[in-house]
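A.B. asks: Need a 3D model of the following:
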Amino acid sequence: MCRQYLVSLGVVLLALECCYGQNWNAWGNWAACTASCGTGTTSRTRECAGPAICTGHTAETGSCHHAVPCEWGEWGPYGSCSTSCGPGVLTRFRNCENGNITSNTCVGSSNSTTPCNVRECPQWAAWGHWSACSVSCGPGAVITRARVCNGNGECAGNSTETGSCSPAFLECPGVWTQWVGLPCSKTCGPGTQIRTRTCPAPGRCNGDSQDAILCNEQVCPGTGDAGQWSEWSTWSACSETCGRRGRVSRVRTCNSETCVGDTVEEARCGRQPRCRRRRRRRNCRRGRRCRNRAQA
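C.D. replies: The predicted structure follows:
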């Protein structure tokens, strides 16, 4: 039974009551069992004959049984290890013969696993000690440490790491620029040369910004200024140990190239002992005695 009303603006324009029957056609035949052994499922369908919409389901399922039990086939070979390094598993499969493997008609699991380990995975060694601080003061102060990857392959992560260190909070002293020298106060002869430098951080550099050094210490040409000799050294030992031919010498040095005189002075040795003479045997004539004669 059904009752239909059409209402517009609160006024019943049309009232139509109609009655329709709900008629299903007969169920169809059961489909083939999903399993050829053991227990499976089957289904069948029906259609609504109308003219109204039918309530209910158009299909239903049920279980089906075979007298022949399902059995597992032989295990297949194991596949590859599930990991390239470290602990993993090998997996193999088997089929439920004469049945559908997804229908659980065979008792047991369709796969089995066993542990495997192709090789040990690379591992990081312990971190090394922290390095010294990269700077002694000012910003940018860091410390670093490193570790080594042991084993074949690459370890996940970084081999080094950095950290901060306390000198970053210390104020650095200033650093002078290079000295810049002015010309010598004289073109020849002893003079002075002023040189200056700059501190980029005023008040933080240690030392003076200006100093003076000697320059042009050589004597000017044509001035007649002579250099200064040092004191004579002591006399050397006599060049001979005897006789009157020996000589002794002494030296002095000049503080420039303009000293007048010699740097070396020689003299005869003092009294020396006489040198001993060597003697030789003269040829002797037959019948005469040989005698020795001194050889100068």
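
A.B. asks: Which of the residues in stretch 59-72 are classified as buried?
C.D. replies: 64, 66, 70, 72 (16 or more other Cβ atoms under 10 Å). Glycine gets a C-beta too; all of them are placed from N, C-alpha and C.

A.B. asks: could these be laid out in JSON lines, adding pLDDT and secondary structure?
C.D. replies: Shown next, in JSON lines, are the buried residues of stretch 59-72 (pLDDT from 0 to 100; DSSP: H, G, I helix; E, B strand; the rest coil):
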{"residue": "Cys64", "pLDDT": "85", "secondary structure": "strand"}
{"residue": "His66", "pLDDT": "72", "secondary structure": "coil"}
{"residue": "Cys70", "pLDDT": "77", "secondary structure": "coil"}
{"residue": "Trp72", "pLDDT": "83", "secondary structure": "strand"}
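
A.B. asks: Most widely separated two among those?
C.D. replies: Farthest pair in those (Cβ to Cβ) is Cys64 and Trp72. Separation: 20.6 Å.

A.B. asks: Tell me where the model's unsure across the stretch 151-296 of the chain.
C.D. replies: Within the stretch 151-296 of the chain, the stretches with pLDDT under 70 are 166-173, 188-189, 203, 216-227, 257-258, 277-296.

A.B. asks: if we look at the helix or strand where Glu265 lies, which residues are touching it?
C.D. replies: Per DSSP states H and E, Glu265 falls inside strand 264-268. The contact list for strand 264-268, computed with Cβ atoms under 8 Å, 6 or more residues apart in numbering, reads 232, 235, 244, 246-252.

A.B. asks: show me the contacts for the spatially closest residue to Asn25 that is not a sequence neighbour.
C.D. replies: Using Cβ to Cβ, 6 or more residues apart in numbering and skipping residues adjacent in sequence, the residue nearest Asn25 is Glu47, 4.7 Å away. Going by Cβ under 8 Å, 6+ apart, Glu47 touches 24-25, 58.

A.B. asks: Go through those and give me the one with the most neighbours.
C.D. replies: Trp24 (15 neighbours; other Cβ atoms under 10 Å).

A.B. asks: I'd say it and Cys54 touch.
C.D. replies: Yes - the pair Trp24 / Cys54 is scored as a contact, 5.6 Å apart, by Cβ atoms under 8 Å.

A.B. asks: Could you tell me which residues touch both of those two?
C.D. replies: In contact with both Trp24 and Cys54: Cys48, using Cβ under 8 Å, 6+ apart.

A.B. asks: Count residues in the vicinity of Thr45, would you?
C.D. replies: Residues near Thr45, counting by other Cβ under 10 Å: 13.

A.B. asks: What residue, apart from its backbone neighbours, is nearest it spatially?
C.D. replies: Thr45's closest residue in space is Ala59 (Cβ to Cβ, 6+ apart), at 4.6 Å.

A.B. asks: Ok, Cys155 next?
C.D. replies: That would be Cys149: by Cβ to Cβ, 6+ apart, it lies 3.9 Å from Cys155.

A.B. asks: any idea how far Asn117 is from that neighbour?
C.D. replies: According to Cβ to Cβ, to the nearest Å, Cys149 and Asn117 sit 19 Å apart.

A.B. asks: And for Val175?
C.D. replies: 59 Å.

A.B. asks: do the same with Cys205
C.D. replies: Distance of Cys205 to Asn117, computed by Cβ to Cβ: 65 Å.

A.B. asks: list the buried ones in the helix or strand harbouring Ile213?
C.D. replies: Using DSSP H and E, Ile213 sits within strand 210-215. Using 16+ other Cβ under 10 Å as the test for burial, strand 210-215 gives Cys215.

A.B. asks: Next SSE downstream of it?
C.D. replies: Downstream of strand 210-215, the next assigned helix or strand under DSSP H and E is strand 247-251.

A.B. asks: Could you work out the end-to-end span of stretch 200-214 for me?
C.D. replies: 27 Å (Cα to Cα, to the nearest Å).

A.B. asks: Contacts made by it with the rest, please.
C.D. replies: 171-177, 181, 190-199.

A.B. asks: Please repeat the previous calculation with a cut-off of 6 Å.
C.D. replies: By Cβ atoms under 6 Å, 6 or more residues apart in numbering, the surrounding residues in contact with stretch 200-214 are 173-174, 176, 192-194, 196-197, 199.
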